[in-house]
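Peer 1: Okay, sequence plus prediction incoming.
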Amino acid sequence: MIAAGALLLAACSASAFEDPGLGAPADDTTDSEATTIESNSGEVPAAVAFPAGPSALEDMFADEFPDPLVNPRDIISGGPPPDGIPPIDDPAFLPVQGNLELLPSIEPVVVLEIKGDARAYPIRAMVWHEIVNDTVGGVPVSVTYCPLCNSAATYERTIEGSETTFGTSGRLFASALVMYDRATESLWTHYNGEAVVGVLAGTRLVEHPSPLLSWADFREAYPTGQVLDWKQSGFDRDYGRNPYTGYDDPDNTPFLFRGALDDRAQAMQRIVGVELDGSSVAYVLDGLSDGDATATNSDIDGRPIVILWKSGQSSALDDGSIPDGRDVGSVAVFDPTVDGQTLTFDHGSDGFTDAETGSTWSITGEALDGPLRGSRLARIAHLDTFWFAWSTYQPGSDLIVG
């Protein structure tokens with residue numbers, strides 16, 4: 001169990017930056033609908049100047065702002081000042097080849113692949129920086145990680161054709177990361193990429209799936225990929241150490257959480273959250289995981305999904321040393337449809353297999369052998385996170401325990 005007082009002292013320490021937890025949304029939201037920006041992965045729209053106005057970092061209650069999507073009073077200080085938990089704005093990378101032993105095999109990394117450009121962002125760096133502003137496959141993105149809600153999410157950082165970067169605001173919303181864009185200093189929730197306060201309130205960023213996998217799984221799936229070189233971050237941090245020792249415990253209480261907790265599950269229960277076409281489902285991780293690997297065939301409002309889980313990834317928020325955390329495994333979520341055929345998955349001695357063709361599949365959704373060899377499943381964005389965070393952002397979510 002972590003004492004909230006100890007975390008707060010850590011958060012307020014300018015030298016240690018022991019609490020990289022920045023904000024996420026609470027339950028006092030409005031009915032405002034976010035405007036989703038068209039993806040820049042295809043044709044890039046003509047640049048539009050960012051709107052002028054006050055900084056939400058300085059004044060969350062300015063009269064010039066559009067209606068906020070959350071009550072600004074629920075956005076509270078987490079301790080550090082803006083960018084006191086410093087994002088990495090000029091990331092350096094190493095090739096996987098030649099660096100296979102760079103990390104312990106079980107250590108978690110955030111995985112992002114865009115247009116064949118595959119990159120791994122080790123949690124040993126993300127837990128201290130929370131945001132990496134990068135360009136992957138030619139697409140400007142911000143890769144984000146919130147330790148307090150154990151969630152990784154990646155968003156395009158181009159807004160109506162104009163590029164910006166994101167920083168850490170030093171504030172929390174429902175015990176999760178609140179970001180700010182450096183063009184307008186509007187406040188954004190890491191959890192769903194919405195501007196909730198400021199001149200851009202009501203805007204939503206384009207998301208790219210960025211699951212947490214083990215270093216072993218990444219290097220096997222992407223031998224020509226790259227890995228963030230945390231030694232070239234420009235900062236001196238105790239990389240590899242977990243500043244949230246013991247936080248990943250179902251009996252814990254979320255740090256500085258305000259609002260009502262959904263008691264259908266323990267607040268700090270690990271879940272896999274999936275949202276499709278306005279419907280959301282949370283799958284309790286304990287119900288998905290067993291032995292070496294499992295495949296869970298499910299659907300959301302009639303749309304089929306498959307959730308693959310395999311052992312071999314350490315919890316970043318358990319032990320004081322990240323690679324020594326307990327094994328929580330890796331999760332991947334896919335559309336199981338290939339060439340119009342919906343496949344049914346199971347796990348065999350050689351990996352994941354589909355009943356329809358007998359092909360063998362990897363945790364990254366690639367057919368490694370069999371009639372469908374070379375095929376790839378379409379990845380569905382999901383969040384590995386805690387129940388309190390998911391149920392705050394998705395208050396009507398279904399919960400599947402087992």
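Peer 2: Thanks, I have it.

Peer 1: Can you list the low-confidence ranges for the protein?
Peer 2: 1-48 (pLDDT under 70).

Peer 1: Provide a list of residues in contact with the residue nearest the centre of it.
Peer 2: In the chain, the C-alpha nearest the mean C-alpha coordinate belongs to Ala152, at 1.4 Å (Cα atoms, centre = their mean). Applying Cβ atoms under 8 Å, 6 or more residues apart in numbering to Ala152 gives the contacts 110, 126, 143-145, 210-212, 383-384. The C-beta positions use only the backbone N, C-alpha and C, and glycine is treated the same way.

Peer 1: Return the member of the residues you listed nearest to Arg241.
Peer 2: Met126 (13.3 Å; Cβ to Cβ).

Peer 1: Tell me which helix or strand comes right after the helix or strand containing the closest one.
Peer 2: For Met126, the host element (DSSP states H and E) is helix 123-129. The element immediately downstream of helix 123-129 (helix or strand, assigned by DSSP H and E) is strand 131-136.

Peer 1: For the helix or strand just after that next one, which outside residues touch it?
Peer 2: Once strand 131-136 ends, the next helix or strand along the chain (criterion: DSSP H and E) is strand 139-146. Contacts with strand 139-146, where a contact means Cβ under 8 Å, 6+ apart, come from 21-22, 24, 40-41, 87, 110, 112, 114-115, 121, 123, 126-127, 130-135, 151-158, 163, 165-166, 176-177, 179, 190-191, 208, 210, 389.

Peer 1: so how far is the helix holding Met126 from its chain's centroid?
Peer 2: 12 Å (Cα atoms, centre = their mean, to the nearest Å).

Peer 1: and what of stretch 80-87?
Peer 2: 19 Å.

Peer 1: likewise stretch 333-348?
Peer 2: Using Cα atoms, centre = their mean, the offset of stretch 333-348 from its chain centre is 24 Å.

Peer 1: repeat for stretch 255-269
Peer 2: On Cα atoms, centre = their mean, the centre of stretch 255-269 falls 19 Å from that of its chain.

Peer 1: care to break the protein down by domain?
Peer 2: 4-37+67-221, 270-400 (automatic domain parsing).

Peer 1: and these, which is most packed in?
Peer 2: domain 4-37+67-221 (a mean of 22; mean count of other Cβ atoms under 10 Å).

Peer 1: Start and end of stretch 153-166, how far apart?
Peer 2: Criterion Cα to Cα, to the nearest Å; first-to-last residue distance in stretch 153-166 is 13 Å.

Peer 1: again with stretch 218-236
Peer 2: 26 Å.

Peer 1: Stretch 108-128 too?
Peer 2: Start-to-end, stretch 108-128 (Cα to Cα) is 14 Å.

Peer 1: And for stretch 64-84?
Peer 2: End residues of stretch 64-84 are separated by 27 Å (Cα to Cα).

Peer 1: swap in stretch 167-186?
Peer 2: 11 Å.

Peer 1: try stretch 177-194
Peer 2: 12 Å.

Peer 1: All the strands of the stretch 301-402 of the chain, residue numbers only.
Peer 2: Secondary structure of the stretch 301-402 of the chain, counting by DSSP state E, counting those that start in this stretch: strands at 303-310, 330-335, 337-338, 341-342, 345-348, 351-354, 360-361, 367-369, 378-379, 382-386, 398-400.

Peer 1: Reformat those as JSON lines; add distance to Thr184.
Peer 2: Below are the strands of the stretch 301-402 of the chain laid out as JSON lines (distance: least, Cβ to Cβ, whole Å):
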{"stretch": "strand 303-310", "distance to Thr184": "36"}
{"stretch": "strand 330-335", "distance to Thr184": "33"}
{"stretch": "strand 337-338", "distance to Thr184": "40"}
{"stretch": "strand 341-342", "distance to Thr184": "44"}
{"stretch": "strand 345-348", "distance to Thr184": "44"}
{"stretch": "strand 351-354", "distance to Thr184": "44"}
{"stretch": "strand 360-361", "distance to Thr184": "43"}
{"stretch": "strand 367-369", "distance to Thr184": "44"}
{"stretch": "strand 378-379", "distance to Thr184": "31"}
{"stretch": "strand 382-386", "distance to Thr184": "26"}
{"stretch": "strand 398-400", "distance to Thr184": "36"}
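
Peer 1: Give me the distance between stretch 360-375 and the centre of its chain.
Peer 2: The answer for stretch 360-375 is 25 Å, by Cα atoms, centre = their mean.

Peer 1: so Tyr57 touches Ser77, yeah?
Peer 2: Residue 57: Leu, not Tyr. No - Leu57 lies out of contact with Ser77 (Cβ atoms under 8 Å); the separation is 11.7 Å.

Peer 1: can you pull out the helices in the protein?
Peer 2: Along the chain, counting by DSSP state H, helices occupy 4-11, 123-129, 215-221, 285-288, 387-393.

Peer 1: Tell me which of those lies nearest to Arg376.
Peer 2: Among the helices of the chain, helix 215-221 sits nearest to Arg376 (Cβ to Cβ), with 10.8 Å.

Peer 1: Which secondary structure elements does that closest one sit against?
Peer 2: strand 108-114, strand 117-122 (3 or more Cβ pairs under 8 Å, 6 or more residues apart in numbering; DSSP states H and E).
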